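> structure, please.
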Amino acid sequence: MISKFMKKTVTFVLSAAMVVSAMTTSVNMSVQTVKAAPTTGSQLVWSDEFNGSSIDTSKWGYEIGTGASGWGNNELQYYTNRTDNAYVSNGALHIRAKRESYGGKNYTSARLNTNGKFTFKYGYVEARLASSQGIWPAFWMLGANIGSVGWPACGEIDIMEAINAENRTYATCHWNCNGHAEFGKPTGNFDITQYHTYGLQWDSQYIRMFVDGNKIYEMYIANNTGDTEEFHRPFYLLLNVAVGGNWPGFSVNDSAFPQEMKVDYIRVYQENPSYNSSASSNVDHNTGSGNTGNTGNTGNTGNTGNTGNTPASGMGMNSAGAGSATAYVNDSSWTDIHYSVNGGAQQNVRMTQSGSKATYTINGLKSGDNVKYWFTYCNTSGYVKDTASYTYTHNGSSSSGNTGNQGSTGSQTSINSAAGDIYIYQDANYGGRSASLGLGNFNLASLQAKGFKNDDLSSIKCPWGYKVTMYADDNFKGATKVITGDTSYVGNDWNDKVSSIKVEKARYRIVNRHSGLCLDVSGSNTASGTNVQQWTGNGTLAQTWEVSFNKEDSTYVLTSAIHGKAVDMGGWSKDNGGNAIIWDNNNTNNQRWYITSIDGGYSFLINKHSNKCLEVGGWSTSAGGNVQQWEYFAQANQQWKFEMVN
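Model (predicted):
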């Protein structure tokens, strides 16, 4: 947001230490039940729900005026602290851009920040907001040391920006790498005028951007890779609406004003709280009266009363018999429950909705177990966030439950114990019991051997390059659902309905954007040194590829389905025009590729050894056109789409 004169669809800065983005699928902005979320061990450290009647100045300050060079972008507005331009109403912050003469400018708007009031390093940040079209709204962050080091050395993280009449948003990081460096990408198309959640997951390893739970991209920052030390220091939050400027341009539709951005909430979570705040209260709390003790069911003694406050909408927890307790929320259209038992790991799961009541049953409790729980919920009259915590002491008698049927002898003996890169979880958002799965078939007996009961799975971590098929019935029968990427929630249709799983490597054909032809092993030859070319799609193994991930540097190796040999830069070339060949897979740097997704589902591939991009030479559109490496220019002949074929 500081300076966008270099902005284009995708900008990528190359340096000796690469800044990389893991491959992700293109974003589908359809309605989702999955949301990016804080980790199970994190806690809410700061929020503004905008439920009051005015802007909380203990949390937000105003930036006034035109800024140097129009805030670095030659923007056309004058920022004020007037309620004409920023106000709270109906549970949302409104930042309004108006066409009016003020301070020597023809437009006014507002820019708010938390500098000096709240700064933090690492965490999960989320805002729910909506924007008009034709303006430049932004939800973003700046390094708190900007006053001493300036920009871009302070670092900048743009979580959401939208410009003009485009039906997409942008997420971008800026930093200093011997001058201004930036990395980012746009989303797919969706209606930005409706409310959506925009999220950032930020830790010492990665910066990950999300819209409505869909990962836009991730950037590797561990060990200051690519001179990214800026992103290991405290940042503060900003909200603003600009009018015109170097990036969106200076053609403004005056008839469309006023225009505004509406912000429903902003929340910051951290696993290990590391923040500074001058606000008297970082987290908004709803109030209400405490519940009296619940009466136990079926012979159980009464449960102790819940401590803390219970919102007027009605929340509580009742014994559901020996070993179980059911949490409930009334007047609800959807609800998440966060809970922990006896101070253990936090779980985060979606509750079951029936009419205007939501419930979730916690199993495996023993008499005397202490459950701490809290809720995120949307009631029937509007969005509400409750951040107060409650406690429940379970007084039901413990029960080990039924052991269930043992199954046939065949399933008893057919146990796959392989571990690997796939992780399954009992609860949503990667919570509860977990198990690691390698390649192969896992029937119910195999899952039970890993500690999972029948119908006991809610989320999966599936790295790109794998294909996971879930089956509703044992021994790979019944309805199926295919998973090809991390999913923090398998969906209402598959939650707790999985009885067997197949794990296999995903196979792809790799299509060039310019020519529409496929990456191909010439003549289906199996010899090392065989040329890599492009060819008309024919579905053969010569055009079928698998990918393997190297965790230590976030690179990938591309191997042919013919023989498992890898795409290699022949002769360890670092030259423009260096030829791509097939060679024995030895995982050396000239076989390692940084793969970064861009718009339309396409990606570019940068060789780790040469720091050059895989492309079709000479802009060829002919079958047999040679594949080589060249300096990265974001050209169509350097862009490839991975299309899964199995």
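
> ramachandran coordinates for Gly600?
With angles defined as degrees, to the nearest 10, Gly600 sits at phi 70, psi 10.

> state the distance from it to Ile157.
According to C-beta to C-beta, to the nearest Å, Gly600 stands 24 Å off from Ile157. Placement of C-beta: from N, CA and C, glycine included.

> who has more neighbours out of the two?
A side-by-side neighbour count of Gly600 and Ile157, using other C-beta atoms under 10 Å, places Ile157 first with 25 against 12.

> which secondary structure elements does the one helix or strand that one maps to contact?
In the assignment (DSSP states H and E), Ile157 maps to strand 156-161. Where contact means 3 or more C-beta pairs under 8 Å, 6 or more residues apart in numbering; DSSP states H and E, strand 156-161 is packed against strand 123-131, strand 136-143, strand 170-176, strand 196-202, strand 206-211.

> angle of the longest one against strand 136-143?
Using axes from the mean of the first three to the mean of the last three C-alpha atoms, to 10 degrees, the direction of strand 123-131 lies 160 degrees away from that of strand 136-143.

> which other residues reach strand 123-131?
36-39, 42, 45, 137, 139, 141, 159-160, 162, 192-202, 237, 241, 260-271, 383 (C-beta atoms under 8 Å, 6 or more residues apart in numbering).

> one more time with 7 Å
With C-beta atoms under 7 Å, 6 or more residues apart in numbering as the test, strand 123-131 has contacts from 38, 42, 137, 139, 159, 162, 192-195, 197-202, 261-270.

> rewinding a little: among the helices and strands packed on strand 156-161, which is nearest Ser548?
Among the helices and strands packed on strand 156-161, strand 206-211 comes nearest to Ser548, with 19.4 Å by C-beta to C-beta.

> grab the CA positions of the next helix or strand after the closest one and hand them over as PDB.
Scanning forward in sequence from strand 206-211 by DSSP H and E, the next helix or strand is strand 214-220. Only the C-alpha atoms of strand 214-220 are listed here, as PDB (Å, rounded to 0.1, in the frame of the first residue of the first chain):
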ATOM      1  CA  ASN A 214      -8.700 -20.800   0.600                       C
ATOM      2  CA  LYS A 215      -5.000 -20.500   0.600                       C
ATOM      3  CA  ILE A 216      -3.900 -17.900  -2.000                       C
ATOM      4  CA  TYR A 217      -0.100 -18.600  -1.600                       C
ATOM      5  CA  GLU A 218       2.600 -19.000   0.900                       C
ATOM      6  CA  MET A 219       6.000 -17.400   1.100                       C
ATOM      7  CA  TYR A 220       9.000 -19.000   2.700                       C
END
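
> what separates Tyr78 from Val498, distance-wise?
Applying C-beta to C-beta to Tyr78 and Val498 gives a distance of 57 Å.

> okay, stretch 48-67 in PDB with CA atoms only?
Extracted as PDB, the C-alpha positions of stretch 48-67 are listed here (Å, rounded to 0.1, in the frame of the first residue of the first chain):
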ATOM      1  CA  ASP A  48     -12.200  -5.300  17.500                       C
ATOM      2  CA  GLU A  49     -15.700  -6.400  16.900                       C
ATOM      3  CA  PHE A  50     -17.000  -2.900  16.100                       C
ATOM      4  CA  ASN A  51     -20.100  -3.500  18.200                       C
ATOM      5  CA  GLY A  52     -20.100  -0.100  19.900                       C
ATOM      6  CA  SER A  53     -21.300   3.300  18.700                       C
ATOM      7  CA  SER A  54     -17.900   4.800  17.900                       C
ATOM      8  CA  ILE A  55     -14.300   3.900  16.900                       C
ATOM      9  CA  ASP A  56     -12.300   2.700  19.900                       C
ATOM     10  CA  THR A  57      -9.400   5.200  20.000                       C
ATOM     11  CA  SER A  58      -7.600   3.100  22.600                       C
ATOM     12  CA  LYS A  59      -7.100   0.600  19.700                       C
ATOM     13  CA  TRP A  60      -7.000   2.900  16.600                       C
ATOM     14  CA  GLY A  61      -5.300   6.100  15.600                       C
ATOM     15  CA  TYR A  62      -6.000   8.300  12.600                       C
ATOM     16  CA  GLU A  63      -3.500   9.400   9.900                       C
ATOM     17  CA  ILE A  64      -4.400  12.800   8.700                       C
ATOM     18  CA  GLY A  65      -3.700  14.700   5.400                       C
ATOM     19  CA  THR A  66      -2.200  13.800   2.100                       C
ATOM     20  CA  GLY A  67       1.100  12.200   3.100                       C
END
